[in-house]
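Peer 1: Requesting a structural model of the entry that follows:
(2 chains)
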Amino acid sequence: MNITLSITKNIHNWLFSIMPEGVASITEMVLIAVVYLAIFAVAGLYLVLLERKVAAWFQLRIGPNRVGWWGLLQTMADALKLVSKELTGTVKADKFLYNLAPYFVIVSALMALAVFPFTQEFQAFDINIGILFLIAISSIGVIGILLGGWSSNNKFALIGAMRSGVQTISYELSVGLSLLTMILITGSLQLSEIVEVQKNGWLIVQGHIPAVIAFMIYMIAGTAETNRAPFDLVEAESELGAGFHTEYSGMKFAYFFLAEFINMFIIAAIATTVFFGAWLSPFGITESIPLLGVVWFLGKTLIIVFLMMWFRWTFPRLRIDQLLTLEWKYLLPLNLLNLVLMALIVWLNLTIQF
Amino acid sequence: MEKIIFYILALVIIVFAIASVSSKKMLRSVIYLLFVLIGISGIYFLIDYNFLAAIQLTVYAGGVIVLLIFSVMLVHHIEMELELAKVSKRILVGLASLIGLGVFLTTIYSHEFIVVENYTTTTTEDIGFGLLSYEAGGFILPFEVISILLLASMIGAIVIAKGTKLTNKKNDTV
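Peer 2: Here you go, the predicted structure:
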């Protein structure tokens, strides 16, 4: 097993110089895991704050503005409150599965984060099947939602969980196929190589028409995968209470909530990596300063996150039959046609390269 | 270190496999089965079969288990428990499993396995070329046969699901 942990060579060399090899590699893994956990727990909280600010902006309100300057500590305070809350549950729930479900959701969300290339060096796990790994991991998260809904022993939670299962299984197909369309240009599943290819122009420019179609399909399907409005039938509050997490409280609810926002970040980060050149700057303007890659990556990701929040506060919710019609009768055939179109363009060398 | 990870994974697989067949709650045994499948994909990762590991996760953990959970949710209530089988049946199944295990172990211990020293990771590219090559050692024929099989089963599923609607339409036209 060769895990290629490529976070900053200096730390890597320093760790291996002061410790025997086995201990050093374990220390390195633990260190990286802790760093990722800390960063993304806080990042998730700030995404929640961003969502609330954006919502307020769309509804002509101010939003959270009391805790800290400009409300910046609001979600931190919320997190502390959630930690101190009592964990409740229903009497006849299947306790084991009920407690297991939130961990499925949060662990699968955090695992996916490991493969993103934030800069050339800041990538924890550069596996040679990157995109496939992401798709595989994201298909596991739904199990947590199904379990949570079933083991709550609550009708509304069960209905929410069933809807979530149907929705995620359907839209996973579109996410996979639209990413596959882009793989035709790169010829590699490894994320670092996908970024390497984009040094001749971002993929959305290289693939022009089919790439734009693929991006639109990806954004629709990605929003559906994260169970956000307009696809939030899973937790439609006017119909189902809170859907699959009705019976959860305190920290367990917070896991579901945090996982939703981290998943949103993941969908945006995949879009950034595959369509918009990850840490590459436009026209290579900051190529000489590799550290700025993080800024570009996060900037692009946050713009796409903002796009998803824009969707949420603009479109009304779909009905379940409309949701399935959209996927199976429109997106999927369009996607397959798009795949053929992209294959033609790559075959005839019609891609735009600088 | 690889040895330690292997033994941890093996322990996980064995413990959850036993838990999966001995649990009396249906959904719990499905989840134990999920842990077994994830453990197996962990072993594939350990020997650098990354593609196979990811496929194992998508197809078995993501696909088959979700379908199983769906079917359990549709037919099973949370308070139901599975019945215990008769003693005679249990003994019979135990004997059958023991015979199976015996055959398995004798096969393993009667053959020598050669340890590969310098292994390389199989890339997705190699797998793709292998699947589509029609020269010696290529897999184009099985690949196409499987595609046709899948297409046939898909059409079959649609016909069964739409069964009455399709036949009604025919009657109307006649």
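
Peer 1: The residue in chain B positioned nearest to chain A and residue A:135: what is the separation?
Peer 2: In chain B, the residue that lies nearest chain A is residue B:62 (2.9 Å; CB to the nearest CB). From N, CA and C alone the C-beta is placed, and that goes for glycine too. Distance, residue B:62 to residue A:135, by CB to CB, to the nearest Å: 9 Å.

Peer 1: Which one of those two is surrounded by more residues?
Peer 2: Legend: neighbour count by other CB atoms under 10 Å in any protein chain shown for residue B:62 and residue A:135, higher for residue B:62 (26 against 22).

Peer 1: That one: what's it in contact with?
Peer 2: With contact taken as CB atoms under 8 Å, 6 or more residues apart in numbering or on different chains, residue B:62 is in contact with A:136, A:139, A:140, A:142, A:143, A:172.

Peer 1: give me that answer again for 10 Å
Peer 2: With contact taken as CB atoms under 10 Å, 6 or more residues apart in numbering or on different chains, residue B:62 is in contact with A:108, A:135-143, A:168-169, A:172, B:34, B:37, B:56.

Peer 1: Could you pick out which of those residues are located in helices?
Peer 2: A:108, A:135-143, A:168-169, A:172, B:34, B:37 (DSSP state H).

Peer 1: From residue B:105, how far off is the nearest residue in space to residue B:17 that is not next to it in sequence?
Peer 2: Distances taken as CB to CB, 6 or more residues apart in numbering or on different chains put residue B:36 closest to residue B:17, at 5.1 Å, once the chain neighbours are dropped. Distance, residue B:36 to residue B:105, using CB to CB: 19 Å.

Peer 1: Run a quick neighbour tally on residue A:27.
Peer 2: A count of nearby residues for residue A:27, using other CB under 10 Å, gives 14.

Peer 1: can you tell me the helix or strand for it?
Peer 2: Secondary-structure assignment from DSSP states H and E places residue A:27 in helix A:21-58.

Peer 1: Now do the contacts for the closest residue in space to residue B:132 that isn't next to it in sequence.
Peer 2: Ranked by CB to CB, 6+ apart and with sequence neighbours excluded, the top spatial neighbour of residue B:132 is residue B:140, at 5.8 Å. By CB under 10 Å, 6+ apart, the contact set of residue B:140 is B:130, B:131, B:132, B:133, B:134.

Peer 1: so who does the spatially most central residue of chain B touch?
Peer 2: In chain B, the centroid-proximal residue (CA atoms, centre = their mean) is residue B:60; its distance is 5.4 Å. Shown in contact with residue B:60 (CB under 10 Å, 6+ apart): B:33, B:34, B:36, B:37, B:38, B:40, B:41.

Peer 1: Helices along chain A, start to end?
Peer 2: With helices called from DSSP H, chain A shows them at A:9-18, A:21-58, A:74-84, A:95-113, A:130-151, A:155-186, A:191-197, A:203-206, A:208-225, A:237-240, A:250-275, A:293-312, A:320-325, A:332-347.

Peer 1: okay if I get the ones you listed as TSV plus mean pLDDT and distance to chain B?
Peer 2: Formatted as TSV, the helices of chain A follow (pLDDT from 0 to 100; distance: least, CB to the nearest CB, whole Å):
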stretch	mean pLDDT	distance to chain B
helix A:9-18	72	14
helix A:21-58	86	5
helix A:74-84	86	26
helix A:95-113	86	6
helix A:130-151	85	3
helix A:155-186	86	6
helix A:191-197	85	11
helix A:203-206	85	18
helix A:208-225	90	12
helix A:237-240	74	16
helix A:250-275	88	15
helix A:293-312	89	23
helix A:320-325	87	13
helix A:332-347	92	13
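
Peer 1: Tell me, how many residues neighbour residue B:79?
Peer 2: Other residues within reach of residue B:79, judged by other CB under 10 Å, total 9.

Peer 1: Find the nearest non-adjacent residue to it, please.
Peer 2: Leaving aside its chain neighbours, residue B:79 sits nearest to residue A:92 (6.4 Å; criterion: CB to CB, 6+ apart).

Peer 1: pLDDT score assigned to the one you found?
Peer 2: You'll see residue A:92 listed with a pLDDT of 76.

Peer 1: Let me know how buried it is, in neighbour terms.
Peer 2: Residue A:92 has 10 neighbours, counted by other CB under 10 Å.

Peer 1: if I pick the residue nearest the centre of chain A, what's in contact with it?
Peer 2: For chain A, the residue sitting closest to the mean C-alpha position, by CA atoms, centre = their mean, is residue A:266 at 2.0 Å. Applying CB under 10 Å, 6+ apart to residue A:266 gives the contacts A:40, A:108-113, A:115-116, A:134, A:137-138, A:141, A:222, A:225-226, A:259, A:301.

Peer 1: gap between it and residue A:86?
Peer 2: Going from residue A:266 to residue A:86 by CB to CB gives 31 Å.

Peer 1: Was I right to think residue A:77 contacts residue A:64?
Peer 2: Yes. Using CB atoms under 10 Å, residue A:77 makes contact with residue A:64 at a distance of 9.4 Å.

Peer 1: ok, the two, which is more surrounded?
Peer 2: residue A:64 (20 against 15).

Peer 1: which residues are in contact with both of residue B:62 and residue A:135?
Peer 2: Listed as contacting both residue B:62 and residue A:135 by CB under 10 Å, 6+ apart are residue A:172.

Peer 1: if we can go back for a sec, tell me the one of the ones in helices among the contacts of residue B:62 nearest residue A:184?
Peer 2: For those, the residue nearest residue A:184 by CB to CB is residue A:135; the value is 15.9 Å.

Peer 1: if we can go back for a sec, in this structure the residue nearest to residue B:17 contacts residue B:10, no?
Peer 2: No. Shown here, residue B:36 and residue B:10 do not form a contact pair, counting by CB under 10 Å, at 11.1 Å.

Peer 1: and the longest helix for chain B?
Peer 2: Chain B, longest helix under DSSP H: helix B:140-173.

Peer 1: can you give me the mean pLDDT across it?
Peer 2: The average pLDDT within helix B:140-173 is 82.

Peer 1: buried sites along stretch A:24-41?
Peer 2: Going by neighbour count (16 or more other CB atoms under 10 Å in any protein chain shown), the buried part of stretch A:24-41 is A:24, A:25, A:28, A:32, A:36, A:40.

Peer 1: what are the C-alpha coordinates of it, in PDB please?
Peer 2: What follows is stretch A:24-41, C-alpha atoms only, in PDB (Å, rounded to 0.1, in the frame of the first residue of the first chain):
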ATOM      1  CA  ALA A  24       6.400   8.900  11.300                       C
ATOM      2  CA  SER A  25       3.900   7.800   8.700                       C
ATOM      3  CA  ILE A  26       1.200   7.100  11.400                       C
ATOM      4  CA  THR A  27       1.900  10.500  13.000                       C
ATOM      5  CA  GLU A  28       1.600  12.200   9.600                       C
ATOM      6  CA  MET A  29      -1.700  10.500   8.900                       C
ATOM      7  CA  VAL A  30      -3.100  11.500  12.300                       C
ATOM      8  CA  LEU A  31      -1.800  15.000  11.900                       C
ATOM      9  CA  ILE A  32      -3.400  15.500   8.500                       C
ATOM     10  CA  ALA A  33      -6.700  14.000   9.700                       C
ATOM     11  CA  VAL A  34      -6.800  16.400  12.600                       C
ATOM     12  CA  VAL A  35      -6.000  19.400  10.500                       C
ATOM     13  CA  TYR A  36      -8.700  18.500   7.900                       C
ATOM     14  CA  LEU A  37     -11.300  17.800  10.700                       C
ATOM     15  CA  ALA A  38     -10.600  21.100  12.400                       C
ATOM     16  CA  ILE A  39     -10.600  23.100   9.200                       C
ATOM     17  CA  PHE A  40     -13.800  21.700   7.800                       C
ATOM     18  CA  ALA A  41     -15.700  21.700  11.000                       C
END
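
Peer 1: for chain B, what spans make up the helices?
Peer 2: Secondary structure of chain B by DSSP H: the helices cover B:2-22, B:26-46, B:50-55, B:65-75, B:87-110, B:124-132, B:140-173.

Peer 1: Residue B:159: how many residues sit nearby?
Peer 2: 11.
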